[in-house]
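[1] 3D, please:
(3 chains)
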Amino acid sequence: MKKRVLALLLASIMLLSLGLTGCSNSATSDSAAETTEPATETNEPVAEPAQEPVEISFWHGYTPEKTEVLDEMIVEYEAANPNVKIEARFVASGEEMLQKVQAALLSGEEPDMLWGYPTWTGVLASSGKLLNLGDAMDPEWKADLPEGILNAGEFEGTIYSVPIEAGTLYLIYNKDMFAEAGIENPPTTWDELYEDAKMLTKGEQYGVWLPIEPNERTSWTWETFLWQNKGELLNADGTNIGFNTPEGLEALEFYTSLVKDGYSPTAIGQDPFVDQQAAMIYGTQGAAKAYITKYEMNVGVAMLPGKETQATALGSNHYFMFKSDDAVEKATLGFMKWMTTGDNHAEWAIRTGYLPVSESARTSERYQTYGEENPYMTEAAKALTFGQARPPIEEYPKLSNAISSTIEKIVYGEMTAEEGMAKIQKEADSIFK
Amino acid sequence: MKKLRSLFKHSMLYGIALVMILPFVWMISTSLKGPTEIFSLPIQWIPSSPKFENYKTAITSFPFIRFMINSIVVTGLIIIGQLFTSVLAAYAFARMEFKGKNGLFVLLLSGLMLPAQTIMIPMILILNKLNLINTLAGLIIPFTWSTLIVFLLRQFFMKIPREIEEAAMIDGCNTFQIITKIILPISKPILSTAFILIFIYGWNQYFWPLLIVNKEELYTLQLGLAYFKEVNSIETNWGALMAGTTLTMLPVITVFLFCQKKVIESIAFSGGKE
Amino acid sequence: MNKNRLTPYLLIAPTFVLFTIFFLFPLLYSFSLTFVEWNGFAIDKTFVGFSNYMRLFGDEDFINALKNTVTYALLTVPLSVSISLVLSYILDEKVKGFQALKGIFFLPHIVSLVAVGVVWSWIYLPDKYGLLNVILGFFGVEIHQWLHDPDLALISLVIIGVWKSIGYNMVIFIAGLVAIPKSLYEAAEIDGAQGLQRFVYITLPMLKPTIFFVMVSSTIYSLFQIFDIVKVTTDGGPIGRTEMLVTYLYKVGFTNYEMGYASAIAFVLFAITVMITIVQKKFIEES
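    Residues are numbered from 1 along each chain as shown, chains lettered A, B, ... in the order given. Sure, this is the predicted structure:
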């Protein structure tokens, strides 16, 4: 035992010293042993700038494929701006990122630039360390971004984040199943949706999939029904929910009835659309892209069926900036603008499958051509004009939880839609106090 | 009769083993599949044409070797640290009488009873005060003690006959010598067990490394695996995730088999009774 | 003499210094958080006295999570401990092939739950999509919805929990069994005891401290480790049937941003764990 421990100790010390030397020079150059790694942020700028470049640390949660695109764009940016060096890094995805940021804020190790969800705006702003981006952005840049998404990053009257990419829900349908059922066109109204779903349901195949799990996706999907029925999520002054109304109740009833009547599955496979379990789903353009390119399915897309009006939900990812010194803030702002506008942004959107957020990117020649070749993207982009964003209030996560867990309970027969609405109202009263 | 019973016993054992190993078989099979095959119905046990690209993706999407070295260093030092602190404390709790012994032991036991998420905020504050954030030491030092290992070793030490020690004490050995010369050699089975348990603990740490280090140079393998996780499951690269997980498990299996051999061998040493 | 009296304290010092810095301080700090309202990010915290604790009584979700947690532990711990005890007793014999079997039983403890949780959720997929249904269907068992079935979801998680913890318990039992002097068995054999008798009259009493250890650690594992299992498989659903205290406090703290209330839940969990440990100690000592 003793001998083993000793050997291990020696080995560890050797390894440790190896690890440490690795760290100390990493800021300046790559060790030769690691040249095999793919394009990451460690690519050195070719040009030798006269002065020390400004370093920006940037945390994101992109997949390896998207990270690769980002890194290539950063190389391009750094080549054009030799005085800026961007240390972009995958840190964590989803809620884990927020926890990571929380820890970083406690120890003063927060990055200069952060990629995340607009729902974080409230809590991040309360730390007092977020930069007021609304003031920092120039008017031309602001005008280039649609107000709906820009406002998603607003908290108590201040804009704290810039949208970098958007996603929207639309109807994705399996063309083969539609043909088999003899349906020519995708549904455009609730009634048609119900009828088509009914016709498409047979055996183990369901007409549509509407999520019922107690999570944000369920609330997000349901909110589109609320908006289509001209309901409002919040009341006029934002002090309580605004959907305890006949319109709201009807949306709740319709949504849950599709499931209760057996046209939407309660238990789903890995992915109900890939598994051919459902003929229609409410999904994002990212999902549509995956179905078409990765899973090679015969897919059609359409706007969500409407009721009183056309509506869909708009989701976006945002850039946040933490306060720093002037030079860093300025450099970060420059990079953000470069990424979110014009041809660069079109390039980003095209290569990652997100929807572009800025007008200048959408109208760029590059994106127009791309849209013609990929109609499912243009269809989604149309949705941007009537899409609604979730309110950037601190109470939203709790409200969302109340909605989705109620939907689940109604579907499982624990309560009626009326009782469900009463339950949401009761919870909302305590959420909004 | 005896034969029948043995047959029954063996078939039961291998039956359970089959159930236990099933998820891993599937994990490895998934690691060799392309995206469409992962979802294909009916379920495919054996990929039609094994795709080793997933393994390539797994080791090239992040600096695999560097993360591996970090994992080895961090785990190795955590093992040394925990064994060192725990052997001493366990000996004191098992063998010595002192004021407050029971109270202190119960207090130490409470160290098992809060989930990590609960103490996250104060932990980060303390690590920051000690300048341990963003350091390799920060991934090691806070984890060089273990209630569980003290507890485990104590149970074992208590069973060692006292006479052995008393003989040594008469020979003039001090406490430290008794521990290293008498106790440790006959505790090989439990030390090997402790070794493997700490190894797994260190190797699989994810939550704390995620919060403690920001520099990629300091990342461990488990943090690397997170690169493949996507919130949206349809866009997750399952093949690569499973390939990466499989690779990450290999060292642990090797160490486990080695340690179990030690446990068995140590019986021969400790008494040789048949 | 004086030196001797200090020795035990010197021996426990390294552990206790680290324990104090990295557990006791954080624990006390977290305890202080149970009296405030705080989102975890803001500079200011609001003192609210005992209201976080009062709130627990009226919180249906909390009571539901408490109920699930207790049910889960009561099912998982005895199952896992008894299965692993029997397994390790059988595997203690020197038989060819048993070494490999030990390796297989231990595998689930090795792998991190993040990846294997995903595999399990695939196994449990409903209808024809899930492996379990396919296999059971082969034996003529009807199809179940497993994780989507409110009545089966918790049981499905118990199976994962037992699967995951058997190997860990087994390794500790094996270490305990190895330490039982073989002479005891020989003496018993002369007295005519064999098989089951041998197990009941020699093995069990000799293993008592080990059993206590395994019970305590399994309980704690079942209370805390369930976090990862739930996160990757059900996220608390369907209709809250698999929501556990650990997952609930995480939701409260990191999704709803109520750190104070989350801390209060954590301390209730803490109290429960301490109580269970004491009961187990009594139980083992008296049986």
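[2] Which residues of the stretch 301-433 of chain A lie near chain C?
    Taking CB under 8 Å from any CB of the partner chain, the part of the stretch 301-433 of chain A that reaches chain C is made up of A:394, A:397-398, A:401, A:405, A:408-409, A:412, A:414. Yep, even glycine has a C-beta here, placed from its N, CA and C like the rest.
[3] Just flag the most distant two among these.
    Farthest pair in those (CB to CB) is A:Glu394 and A:Tyr412. Separation: 29.8 Å.
[4] So, low pLDDT: which residues of the stretch 51-200 of chain A?
    Scanning the stretch 51-200 of chain A with the threshold set as pLDDT under 70 gives A:51.
[5] Please produce CSV containing the residues of the stretch 301-433 of chain A next to chain C, extended by neighbour count, distance to C:Phe47 and pLDDT.
    CSV is the format used below for those (neighbours: other CB atoms under 10 Å in any protein chain shown; distance: CB to CB, whole Å; pLDDT from 0 to 100):
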residue, neighbour count, distance to C:Phe47, pLDDT
A:Glu394, 18, 20, 78
A:Pro397, 23, 24, 84
A:Lys398, 21, 22, 87
A:Asn401, 21, 26, 89
A:Ser405, 25, 31, 90
A:Glu408, 25, 36, 93
A:Lys409, 21, 35, 93
A:Tyr412, 19, 40, 92
A:Glu414, 15, 38, 91
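[6] Identify those among those residues that sit within helices.
    The helices, defined by DSSP state H, take in A:397-398, A:401, A:405, A:408-409 from these.
[7] which one of these is nearest chain B?
    Among those, A:Pro397 lies closest to chain B (CB to the nearest CB), at 15.0 Å.
[8] so what's that closest one up against?
    By CB atoms under 8 Å, 6 or more residues apart in numbering or on different chains, A:Pro397 lies in contact with A:119, A:216, C:255-257.
[9] ok, those vs A:His345, which is closest?
    Closest approach to A:His345 among those (CB to CB): A:Thr119, at 22.6 Å.
[10] so how far is C:Ser222 from that closest one?
    Noted for A:Thr119: a distance of 33 Å to C:Ser222, by CB to CB, to the nearest Å.
[11] Tell me which residues touch residue 158, please.
    If you meant another chain, say so; for now it's chain A. A:Thr158 touches A:125, A:132, A:134, counting by CB under 8 Å, 6+ apart.
[12] was after chain C, sorry
    Shown in contact with C:Val158 (CB under 8 Å, 6+ apart): C:72, C:75-76, C:79.
[13] Okay, it and C:Gln225: tell me how far apart.
    Distance, C:Val158 to C:Gln225, by CB to CB: 13 Å.
[14] now do B:Ile200
    From B:Ile200 to C:Gln225 the distance is 13 Å (CB to CB).
[15] Which of these two has more residues huddled nearby?
    Using other CB atoms under 10 Å in any protein chain shown as the criterion, B:Ile200 and C:Gln225 rank with B:Ile200 on top: 22 against 19.
[16] Could you pull up the residues touching that one?
    Residues near B:Ile200 by CB under 8 Å, 6+ apart: B:252, C:109-110.
[17] Export those to TSV and append columns for neighbour count, secondary structure and pLDDT.
    Listed next are these as TSV, based on neighbours: other CB atoms under 10 Å in any protein chain shown; DSSP: H, G, I helix; E, B strand; the rest coil; pLDDT from 0 to 100:
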residue	neighbour count	secondary structure	pLDDT
B:Val252	21	helix	85
C:His109	22	helix	88
C:Ile110	24	helix	84
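[18] near chain A too, which of those?
    Okay, of the contacts of B:Ile200, nothing touches chain A (CB under 8 Å from any CB).
[19] which one among these gets closest to C:Asn169?
    C:His109 (9.0 Å).
[20] and which of the contacts of A:Thr158 is nearest A:Thr266?
    Distance to A:Thr266 across the contacts of A:Thr158 (CB to CB) is lowest for A:Ala125, with 38.5 Å.
[21] Not counting its neighbours along the chain, what's nearest residue 220?
    Just going to use chain A. Nearest residue to A:Trp220, sequence neighbours excluded (CB to CB, 6 or more residues apart in numbering or on different chains): A:Ala313, at 5.3 Å.
[22] let's do chain C instead
    The spatially closest residue to C:Ile220, leaving aside those adjacent along the chain, is B:Leu112, at 5.0 Å (CB to CB, 6+ apart).
[23] What is the burial count for the one you found?
    The number of residues packed around B:Leu112, counting by other CB under 10 Å, is 21.
[24] Verify the stated contact: it with B:Thr147.
    Yes - the criterion here is CB atoms under 8 Å, and B:Leu112 meets it with B:Thr147 at 5.0 Å.
[25] re the thing from before, if any of the contacts of A:Pro397 are buried, give me the PyMOL selection for them.
    The buried residues among these can be selected in PyMOL (16 or more other CB atoms under 10 Å in any protein chain shown) with this line:
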select buried, (chain A and resi 119+216) or (chain C and resi 255+256+257)
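[26] Report the two of the contacts of A:Pro397 separated the most.
    Farthest pair in those, by CB to CB: A:Glu216 and C:Tyr257, 14.6 Å.
[27] Now do the lowest-mean-pLDDT helix or strand in chain B: which elements does it pack against?
    Least confident helix or strand of chain B, by mean pLDDT, DSSP states H and E, is helix B:35-39 with a mean of 75. Where contact means 3 or more CB pairs under 8 Å, 6 or more residues apart in numbering or on different chains; DSSP states H and E, helix B:35-39 is packed against helix B:238-270.
[28] Just the buried positions in the helix it packs on, please.
    Of the residues in helix B:238-270, B:238-249, B:251-252, B:255-257, B:259-260, B:262-264, B:266-267, B:270 count as buried by neighbour count, 16+ other CB under 10 Å.
[29] Stretch B:88-101 too?
    Applying 16+ other CB under 10 Å to stretch B:88-101 flags B:88-96, B:98 as buried.
[30] and if you look at stretch C:17-27?
    Those would be C:18-19, C:21-27, for stretch C:17-27 by 16+ other CB under 10 Å.
[31] Output it as CSV, nothing but the C-alphas.
    Taking Å, rounded to 0.1, in the frame of the first residue of the first chain, the C-alpha atoms of stretch C:17-27 are listed here in CSV:
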residue,chain,number,x,y,z
VAL,C,17,-10.0,21.6,10.1
LEU,C,18,-11.2,20.9,6.6
PHE,C,19,-14.6,19.9,7.8
THR,C,20,-15.0,23.2,9.6
ILE,C,21,-13.8,25.3,6.7
PHE,C,22,-15.6,23.5,4.0
PHE,C,23,-18.7,22.2,5.7
LEU,C,24,-19.4,23.8,9.1
PHE,C,25,-19.0,27.4,8.0
PRO,C,26,-21.0,27.0,4.8
LEU,C,27,-23.7,25.1,6.9
